[in-house]
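**Student:** Next come a sequence and a model predicted from it.
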Amino acid sequence: MTSLLSDLALFPSLRELNLMKPKILDVSFSRLQGLSESFGKLFNLEIFYASSNLLEGTISEPYLSNHCNCKRLELSSNSLNWNISLDWIPCFQLQVISLSTCDLGPLFPKWLQTQNNYSILDVSLASISDTMPSWFSNLPPMLSYLNPSKKQISRKIQDLSANNVGYIVIDFSYNNFSRPLPRFPQFISELQVNKNHFSGSLNSICKLVSSTILDLSENLLSGEIPNCWNSMSSLRVLNVANKNISGSIPSSLCSSASLSSLYGRNNNLSGHFPASLKNCQGLQVLDFGRNSFSGKIPEWIVTKLAGLGILSLRFNKFSGRIPPSICQLKSIQILDLSGNHLSGRIP
């Protein structure tokens, strides 16, 4: 593995940079493989962009201890190993912490708890296999992006609703979280908790009022889709593809004129094709594959859902003929009606 100390040739001007005392250094999207020891002497550095390089080796405290003015640290998409003592307290207060793909684990770095002013925290794919730390219940009020996804964080997420944050994107996907869905801050613009082991009902999402994307798929959630969508007027994407969601589609789901993608595949949804979807006239993607819907495929799909580009009703219990009017869906790219009890001729 290339040492961070070994490739001074890749930073040939760091000695000159020391004399210039830069506040901003942007070397992102290059092919740099290492940093020289001179990097730790850029005392005035406030913003450091080095994401999407080939950086390898170890980041230790001497590299960071002199950067007391640093506000933005972006090292994502590198292969850096952090060797920081558990009791280390940095002299800086970062506003952006972007360390995706760095090796920070296996425990959550305690020094993150000392940071109180960040608006972005991205520690996805960071080799952490820990439980969620308790300080997540007291996040900075200016936080707008939180991403500890694609790791092995386990057990329960504590109640996050007390966090006094504004509009925020939260990505907890691809972890090992279990137990019921927690309560989230009210003003979540995007929430991704897919690919976990959450169980129980979806009712906690009824407290959200500003979401545009909700991805609850690939969990162990059960029960019915709650009828509480009137407050989510900006919802664009809803993904509840699970294993045990049952019942029908609630009437309030189409309260958002922005709803363009609805994924409900691989559940136990039943009854006739939901008449409530007549009001979802902005739908472009509708995936109800592998459910228990029955009856006929309605003619009104063409007039009410004219903008569909993808319609998947595969492996349900629909019967009768394919309505000839379905040929009038001008934007359709994928039409999957396989695995049903359809009869008659293909129109």
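**Tutor:** Nice, thanks for sending it over. Numbering: from 1, shown residues only.
**Student:** ranges for the helices of the chain?
**Tutor:** Taking DSSP state H as the test, the helices found in the chain are 14-20, 61-64, 301-304.
**Student:** need the least confident one among those helices, by mean pLDDT.
**Tutor:** Among the helices of the chain, helix 14-20 has the lowest mean pLDDT, at a mean of 56.
**Student:** so where's the protein shaky on pLDDT?
**Tutor:** 1-20 (pLDDT under 70).
**Student:** residue closest to the middle of it?
**Tutor:** The residue lying closest to the centre of the chain (C-alpha atoms, centre = their mean) is D171, at 3.3 Å.
**Student:** Identify the residues contacting that residue.
**Tutor:** Contact analysis of D171 by C-beta atoms under 8 Å, 6 or more residues apart in numbering lists S124, L146, N147, P148, S149, E190, Q192. Just so you know, the C-beta spots here come from the backbone N, C-alpha and C atoms, and that holds for glycine as well.
**Student:** V27 now?
**Tutor:** Y49, A50, N53.
**Student:** Between these, which sits nearest V209?
**Tutor:** Among the contacts of V27, Y49 lies closest to V209 (C-beta to C-beta), at 34.5 Å.
**Student:** Count residues in the vicinity of that closest one, would you?
**Tutor:** Under the neighbour criterion other C-beta atoms under 10 Å, Y49 is assigned a count of 18.
**Student:** mind listing what it touches?
**Tutor:** Here Y49 is in contact with L25, D26, V27, S28, R72, E74 (C-beta under 8 Å, 6+ apart).
**Student:** Wait, the last one touches N53, no?
**Tutor:** No - in this structure, E74 sits apart from N53 without contact. The criterion is C-beta atoms under 8 Å, and the distance is 10.7 Å.
**Student:** Mind listing the shared neighbours of the two?
**Tutor:** With C-beta under 8 Å, 6+ apart as the test, E74 and N53 both reach S28.
**Student:** Just name the closest of the contacts of V27 to K278, please.
**Tutor:** For the contacts of V27, the nearest to K278 is Y49 (49.1 Å; C-beta to C-beta).
**Student:** how close does the closest one sit to I24?
**Tutor:** Here the criterion is C-beta to C-beta, to the nearest Å. By it, Y49 lies 8 Å from I24.
**Student:** Then W135?
**Tutor:** Per C-beta to C-beta, W135 is found 30 Å from I24.
**Student:** What of S343?
**Tutor:** Relative to I24, and taking C-beta to C-beta, S343 is found at 68 Å.
**Student:** before we move on, what about G34?
**Tutor:** The gap separating G34 from I24 is 21 Å, by C-beta to C-beta.
**Student:** Please identify which of these two sits among more neighbours.
**Tutor:** Just comparing G34 and I24: by other C-beta under 10 Å the higher neighbour count belongs to G34, 20 against 11.
**Student:** so where do the strands sit in the stretch 1-150 of the chain?
**Tutor:** 24-26, 47-49, 56-60, 72-74, 79-83, 96-98, 120-122, 145-147 (DSSP state E, counting those that start in this stretch).
**Student:** where's the fifth one relative to the chain centroid, distance-wise?
**Tutor:** Between the centre of strand 79-83 and the centre of its host chain there is 24 Å, according to C-alpha atoms, centre = their mean, to the nearest Å.
**Student:** list the buried ones in that strand?
**Tutor:** Within strand 79-83, the residues that qualify as buried by neighbour count (16 or more other C-beta atoms under 10 Å) are L80, N81, W82.
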